[in-house]
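Trainee: Starting from these lines, generate the structure:
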Amino acid sequence: MAKGRLIVSEKDNGLVGQIRTRRLNETFQLMINTHPVGQKPASHIIIARAPAGHDFEAGLAWKYKIERGQMAGQHGFNLLFNDPDYGKPFWVSAFPVAANQWDLSVKSDEEMTDTKDQAAA
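Mentor: Numbers count the residues shown, from 1 in each chain. Here you go, the predicted structure:
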């Protein structure tokens, strides 16, 4: 079940998303990671707006190419929201649904482990 939407923003040529759950209603941007570090660095940094009005780094995102199925050749995203104010970190997957639009789905730690294991195989 989709919990939000990620779209290409016309004004800043970036990605803007919104995720809604029972406890969270968050609008965020995916900004290109201009200083990637590590073996598998994040492609994007998640920037959200705090209730006080300032922007903050809410997590990281990895862009990937879908290899199989109806969406093969398109790109998806795995987002990790890990700011301490969220409590426990959580994953969100973004699946393409239309040109420059992705549906968002919250994933459990177990589902993300399964996804990573399948990608490594």
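
Trainee: Which neighbouring residues are in contact with the residue nearest the centre of the chain, exactly?
Mentor: Nearest to the mean C-alpha position of the chain, by CA atoms, centre = their mean, lies residue 79 at 3.0 Å. Shown in contact with residue 79 (CB atoms under 8 Å, 6 or more residues apart in numbering): 30, 46, 59-61, 91-94, 104. To be clear about C-beta, it is placed using only N, CA and C from the backbone, and glycine gets the same treatment.

Trainee: Give me the sheet partners of the helix or strand hosting residue 27 and which way each runs.
Mentor: Under the criterion of DSSP states H and E, residue 27 resides in strand 25-32. As defined by DSSP bridges, the strand partners of strand 25-32 come to strand 15-20 (antiparallel), strand 44-49 (antiparallel).

Trainee: quick one: the helices in the chain?
Mentor: For the chain, helices defined by DSSP state H occupy the ranges 109-120.

Trainee: returning to that earlier point: same list (the strands paired with strand 25-32) but as a markdown table, adding distance to residue 4.
Mentor: As requested, these are exported to a markdown table (distance: least, CB to CB, whole Å):
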| stretch | distance to residue 4 |
| --- | --- |
| strand 15-20 | 4 |
| strand 44-49 | 12 |
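
Trainee: rank those by pLDDT, which is bottom?
Mentor: Looking at the strands paired with strand 25-32, the lowest mean pLDDT belongs to strand 15-20 (a mean of 85).

Trainee: Tabulate the CA atom coordinates of it in PDB.
Mentor: In PDB, the C-alpha atoms belonging to strand 15-20 read as follows (Å, rounded to 0.1, in the frame of the first residue of the first chain):
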ATOM      1  CA  LEU A  15      13.000  15.300  -6.100                       C
ATOM      2  CA  VAL A  16      10.300  16.200  -3.600                       C
ATOM      3  CA  GLY A  17       8.300  13.600  -1.600                       C
ATOM      4  CA  GLN A  18       5.800  13.200   1.000                       C
ATOM      5  CA  ILE A  19       5.200  10.300   3.300                       C
ATOM      6  CA  ARG A  20       2.100   9.800   5.500                       C
END
